[in-house]
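J.: Kindly generate the corresponding structure for this input.
(one chain, ligands or ions: 1)
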Amino acid sequence: MLEVTDLKAWYGEAQALHGVTVSVEKGEVVTLVGRNGAGKTTLVRCLIGLHRQVSGAVSFLGRDVTGVPAHRRARAGMGWVQDDRGIYASLSVEENLLLPPRVSDRAWTLEQVYEAFPELAVRRKAPGTTLSGGEQQMLAIARVLRTGARLLLMDEPSEGLAPVVVARIGAIIAEIKATGVGVLLIEQNVKFAATVADRHYLLSQGRIATALDNSEFRRREGELLEHLGI
Ligand SMILES: Nc1ncnc2c1ncn2[C@@H]1O[C@H](COP(=O)(O)OP(=O)(O)OP(=O)(O)O)[C@@H](O)[C@H]1O
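T.: Model (predicted):
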């Protein structure tokens, strides 16, 4: 569903991506792992149309979206789960869930959201400010599902969360995958990445150093941790 070919990106004169080729299929969970500064965030920003100093090609659902602005990519079904979670603190959980525009007939209803995220059903009237980190992450994911996005791009969904909450996020990603939605996630937590993903790309200095399926990734976990300096 997503095909990225020879993507290069710059910040002024400084080149951050040096010809990145990656893909995500429907119902596939793919991670981008790499050290700080490897280019993971830049790559995701290029995919959603927020970084414009680029060359190469991005195709989504068979359509060339290279050069297409961010709001039109979102309308086409690219859903970005922001790392700052982008929740409106003054609104309740339910009001946050009612905001997103519907972009496809796969948009989740409130009932579907509350069934998949019982934590949010319990907190539906609570203001955004009072949510725990895990609840905020769930709300951020649920809001994107409310649009009917066909591809979810996530920036470190496990960051800063307790292990039990990380496991819950993993279960939610598995549910999303089962609906045929593709997921591309930036992830520094190698153990979490190995539990949720089908494939992985190791990004190093703006290049894909290695592409691994999950069994190979698990086998080389120690080596990867060493590379990532974790
Ligand atoms: N706004 C910016 N202006 C100039 N250079 C930038 C900017 N943002 C990122 N870079 C540079 O681009 C390269 C890739 O950074 P990027 O943030 O994409 O890496 P990352 O893998 O997401 O790292 P992190 O895990 O720290 O977010 C780095 O060399 C970084 O210094």
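J.: Quick one: distance of stretch 4-15 to the chain centre.
T.: Distance of stretch 4-15 from its chain centroid, counting by C-alpha atoms, centre = their mean, to the nearest Å, is 20 Å.
J.: buried sites along it?
T.: Neighbour-count burial for stretch 4-15 flags 4, 7, 8, 9 (criterion: 16 or more other C-beta atoms under 10 Å). For every residue, glycine as well, the C-beta is placed using N, CA and C.
J.: swap in stretch 122-137?
T.: Buried residues in stretch 122-137, counted by 16+ other C-beta under 10 Å: 123, 127, 128, 131, 134, 135, 136, 137.
J.: for stretch 60-72, same thing?
T.: Buried residues in stretch 60-72, counted by 16+ other C-beta under 10 Å: 60, 65, 66, 68, 70.
J.: contacting residues for the one residue sitting closest to the centre of the chain?
T.: Of all residues in the chain, the one closest to the mean position by C-alpha atoms, centre = their mean is residue 154, 1.8 Å from it. By C-beta atoms under 8 Å, 6 or more residues apart in numbering, the contact set of residue 154 is 81, 141, 183, 184, 185, 186.
J.: Look up which helix or strand it falls in, please.
T.: Element membership of residue 154, judged by DSSP states H and E, is strand 151-155.
J.: after that strand, next one along is what?
T.: Using DSSP H and E, the helix or strand that follows strand 151-155 towards the C-terminus is helix 163-178.
J.: on contacts alone, who are the packing partners of that following helix?
T.: For helix 163-178, the packing partners by 3 or more C-beta pairs under 8 Å, 6 or more residues apart in numbering; DSSP states H and E come out as helix 133-147, strand 182-186, helix 190-196.
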